[in-house]
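Enquirer: Provided below for reference: sequence and predicted model.
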Amino acid sequence: MNTEKRRSLLKRLVASVAGVAGLGTMASAKNAPDAAPEKEVGDVVNYQDVPLFSGHTKFGNLIFVAGKGAHFDGDITAHTNHVLDELEKELKKAGSSMEKVLKVSVFLHDLNDYKKMNEAYKGRFGNKPPCRTTVAVYGGVPGDSLVEMDCIAYI
């Protein structure tokens, strides 16, 4: 097989995989820059009347949910349950669900809470849980939350 045929076959394969993965809009945007989807944002949080961040952002069929924390007195189990409930509410507002989450980032105030956070986290994303990163944050999570989470999902 000549080089040109291999390149053509490889391009079609990559485009096909991108389409199956839900990245078709982004893959085709490279070929047609004017066709790129617009960014849509959810509720915007302001700081001194200046937009600071959005609760979620949509781009194509992807949803990026901002970090959610628990700003009340309680233990790691209560905070984790609250944060997961808040993620679920934001995903529903954006037209998605916990079962469509692809990636979660977990930020712990104290790494010693890892086991109890995992217990509360278990099963919240259905039978096919998303990939996840968990780190302990030097200096703690903002707002005195014991845990903060953000996620990426699809519609």
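Expert: Noted; the coordinates are in hand.
Enquirer: Hmm, residue 44 is touching residue 57, no?
Expert: No: counting by CB atoms under 8 Å, residue 57 is not a contact partner of residue 44; they are 10.2 Å apart. Where C-beta positions appear, they are placed from N, C-alpha and C, glycine not excepted.
Enquirer: who's more crowded, these two?
Expert: residue 57 (16 against 10; other CB atoms under 10 Å).
Enquirer: Could you chop the chain up by domain?
Expert: Structural domains annotated on the chain: 1-36, 37-154, as defined by automatic domain parsing.
Enquirer: Where among those domains is average confidence lowest?
Expert: Note on these: lowest mean pLDDT is at domain 1-36, with a mean of 53.
Enquirer: my read is residue 53 is in a strand, agree?
Expert: Yes: judged by DSSP: H, G, I helix; E, B strand; the rest coil, residue 53 forms part of a strand.
Enquirer: Show me what it is bridged to.
Expert: According to DSSP bridges, the partner residues bridging residue 53 are residue 45.
Enquirer: what about it, how many residues close to it?
Expert: Neighbours of residue 53 using other CB under 10 Å come to 14.
Enquirer: And residue 123, by the same measure?
Expert: For residue 123, using other CB under 10 Å, the count is 10.
Enquirer: Next one: it from residue 111, what distance?
Expert: 22 Å (CB to CB, to the nearest Å).
Enquirer: try residue 120
Expert: With CB to CB as the criterion, residue 120 and residue 111 are 16 Å apart.
Enquirer: Pick out whichever of the two has more residues nearby.
Expert: residue 120 (20 against 12).
Enquirer: picking up where we left off before, ok, and which of the domains of the chain has the densest surroundings?
Expert: domain 37-154 (a mean of 16; mean count of other CB atoms under 10 Å).
Enquirer: helix/strand/coil for residue 87?
Expert: Residue 87 ends up helix, using three-state DSSP.
Enquirer: which stretches of this structure form helices?
Expert: For the chain, the helices defined by DSSP state H cover 3-20, 24-31, 76-93, 114-121.
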